[in-house]
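Asker: next come a sequence and a model predicted from it.
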Amino acid sequence: MDLPRPLSHSSISMYSECPLKYKLKYVDKIPEKPKRFFSFGQSVHLALEFFYGGKTPPAPSLEELLQSLKANWVSVGYRDKAEEAEYFRQGKDILTRYHRKHAGDFALPLKVEYEFEMTVDGVPVTGKVDRVDRLEDGRLSVLDYKTGKALAVDRIETDAQLTMYQLACEACLAAEVGRLTFYHLPLLKPHSVGRRPESQVDALRRKIVETAAAIVAERFEPKPSENSCRWCDYKPYCPIFAKPAAAAAAPSPDGDLAALIDRYGDMMASAAEAEREAAQVKAAILAILRSKGYVRAFGARYEIQRSGTEKTEFPESNKKKVIRLLKDAGLYERVQAPSGPLIQKLLADPGTDPELRAVLRGLGSRVEPCDLKVTPL
């Protein structure tokens with residue numbers, strides 16, 4: 001067989017980790033499940049591509065940068081909407097601090113999200129470099145963004161990805177690389193080293209050729225390890241995790257326990273999936289009930305009723321104004337704190353001055369009932 005696609009740093013790493021995993025993904029074309037960390041990293045990378053992707057200075061405004069994050073947000077792979085919202089908040093925080101630090105020294109890079117194609121001893125290789133700058137001495141500065149919470153800084157001296165980028169940039173851009181950088185975005189901290197020695201680049205060349213030869217020879221044996229197998233999406237296709245027929249037929253003294261463990265695991269996984277799906281369906285039902293003004297509706301087998309108490313919540317920025325209004329009206333002692341349940345009673349009390357009630361509600365935001373009571377018909 002020929003190579004199913006040009007090699008890249010990630011596909012070479014996957015083959016080294018487990019040749020069978022490479023086959024299942026790139027030859028059999030079985031996709032992996034979406035991962036939140038991939039989606040988050042891609043979203044932030046797209047926003048930084050926008051930041052540096054203009055034709056002329058100055059840098060885009062912070063508002064434009066955050067709008068780019070929102071417009072290009074990749075929303076797959078998150079456990080639920082709450083987790084996605086938290087990651088979006090983290091992305092906004094990273095980009096806000098990045099803009100504050102780098103808008104002042106903004107300069108257009110030589111390349112942004114630079115896609116390269118080259119051949120290494122006859123083997124096609126492709127990849128993408130986050131950013132390439134031109135140093136004052138004319139050499140190239142290669143930069144790779146990292147969005148993970150932790151970064152193993154000691155790997156920068158030997159990291160094969162940076163070696164691949166040096167090899168590609170020197171081959172395709174006809175200039176020597178002078179600096180290689182991991183930029184750790186959560187801490188806004190660059191970690192840089194100088195150009196790789198030729199011995200390291202030659203070792204990568206050999207790795208590329210050897211990997212290509214093994215793929216063409218169809219050497220796709222599984223390579224199990226605790227770390228790589230723990231989260232692998234391809235377990236259902238892997239012979240390592242298939243129960244042999246003889247073992248399945250043979251009685252086991254712990255057979256009942258093993259069956260119960262597997263049953264419990266399946267039930268917990270099904271329950272978690274059902275809980276996520278139920279949260280999505282609940283949100284859709286509430287949206288329809290609100291749009292139609294319903295508090296009660298029926299299906300073929302169930303009745304649903306919206307319950308809970310409508311209330312007004314106050315943002316932190318408005319709480320001092322609320323306290324001042326209540327003190328001026330002589331009502332502060334009745335509620336003690338503008339965020340407590342007592343203020344809801346004050347707003348619902350017909351004896352409360354209508355003008356004060358209107359001003360208070362204007363300082364807060366209306367939160368509609370969000371509980372659903374389900375009753376079989």
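Answerer: Now that the structure is in, tell me what you want to look at.
Asker: just say helix, strand or coil for the most centrally placed residue in the chain.
Answerer: The residue lying closest to the centre of the chain (CA atoms, centre = their mean) is residue 40, at 2.6 Å. When classified by DSSP: H, G, I helix; E, B strand; the rest coil, residue 40 comes out as helix.
Asker: how far out from the middle of the chain is stretch 320-328?
Answerer: 42 Å (CA atoms, centre = their mean, to the nearest Å).
Asker: from residue 233, how far out is the residue nearest to the centre of the chain?
Answerer: Between residue 40 and residue 233 the distance is 18 Å, computed by CB to CB, to the nearest Å. The way it works is simple: take the backbone N, C-alpha and C, and place the C-beta from them, glycine included.
Asker: can you check residue 134 too?
Answerer: According to CB to CB, residue 134 and residue 233 sit 41 Å apart.
Asker: my read: residue 94 touches residue 45, true?
Answerer: No. Contact criterion CB atoms under 8 Å: residue 94 and residue 45 do not qualify, at 11.4 Å.
Asker: with just CA atoms, put stretch 141-153 into PDB.
Answerer: C-alpha atoms of stretch 141-153 as PDB (Å, rounded to 0.1, in the frame of the first residue of the first chain):
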ATOM      1  CA  SER A 141      11.700  32.600  14.900                       C
ATOM      2  CA  VAL A 142       9.200  29.700  15.000                       C
ATOM      3  CA  LEU A 143       6.500  29.900  17.600                       C
ATOM      4  CA  ASP A 144       4.000  27.200  18.800                       C
ATOM      5  CA  TYR A 145       1.100  28.200  21.100                       C
ATOM      6  CA  LYS A 146       0.200  25.900  23.900                       C
ATOM      7  CA  THR A 147      -3.200  26.200  25.600                       C
ATOM      8  CA  GLY A 148      -3.000  23.400  28.200                       C
ATOM      9  CA  LYS A 149      -3.000  24.300  31.900                       C
ATOM     10  CA  ALA A 150       0.400  22.700  32.400                       C
ATOM     11  CA  LEU A 151       3.500  22.700  30.100                       C
ATOM     12  CA  ALA A 152       6.400  20.400  30.500                       C
ATOM     13  CA  VAL A 153       9.100  23.000  29.900                       C
END
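Asker: flag every buried residue along it.
Answerer: Residues of stretch 141-153 classed as buried under the neighbour-count rule (16 or more other CB atoms under 10 Å) are 141, 142, 143, 144, 145, 146, 147, 151.
Asker: strands - which of these land there?
Answerer: Counted as lying in strands by DSSP state E, out of the buried residues of stretch 141-153, are 141, 142, 143, 144, 145, 146.
Asker: for this protein, just list every one of the helices.
Answerer: Using DSSP state H, the helices found in the chain span residues 9-17, 19-22, 36-52, 62-71, 81-102, 160-173, 198-216, 226-230, 245-249, 255-292, 319-328, 332-335, 341-348, 354-363.
Asker: mean pLDDT lowest for which of those?
Answerer: For these, mean pLDDT drops lowest on helix 245-249, to a mean of 50.
Asker: what about residue 104, distance to residue 98?
Answerer: 12 Å.
Asker: what about these two, which has more around it?
Answerer: residue 98 (20 against 9; other CB atoms under 10 Å).
Asker: wait, the more buried one touches residue 186, no?
Answerer: No. With contact defined as CB under 8 Å, residue 98 does not reach residue 186; the gap is 10.3 Å.
Asker: quick check: the gap between the residue nearest to the centre of the chain and residue 26.
Answerer: Residue 40 is 24 Å from residue 26, where distance means CB to CB.
Asker: re the thing from before, and residue 134 and residue 233? Which one has more around it.
Answerer: residue 134 (17 against 14).
Asker: tell me the one among the buried residues of stretch 141-153 nearest to residue 360.
Answerer: residue 147 (41.8 Å; CB to CB).
Asker: residue contacts, the closest one?
Answerer: Residues in contact with residue 147 (CB atoms under 8 Å, 6 or more residues apart in numbering) are 37, 40, 41, 44, 45, 94, 185, 186.
Asker: buried ones from the residues you listed, can you make that a PyMOL selection?
Answerer: Buried residues within those, by 16+ other CB under 10 Å, are selected in PyMOL with:
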select buried, resi 40+41+44+45+94+185+186
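Asker: which one of the contacts of residue 147 is nearest residue 227?
Answerer: Nearest to residue 227 out of the contacts of residue 147 is residue 37 (CB to CB; 15.8 Å).
Asker: related to what we said a few turns ago, I'd like the contacts of residue 147 as CSV, with distance to residue 30 appended.
Answerer: Output for the contacts of residue 147, formatted as CSV (distance: CB to CB, whole Å):
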residue, distance to residue 30
37, 20
40, 24
41, 22
44, 28
45, 25
94, 33
185, 31
186, 32
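Asker: ok, residues contacting stretch 353-368?
Answerer: In this structure, residues lying in contact with stretch 353-368 by CB under 8 Å, 6+ apart are 286, 290, 310-315, 318, 321-322, 325, 329, 331, 343, 346-347.
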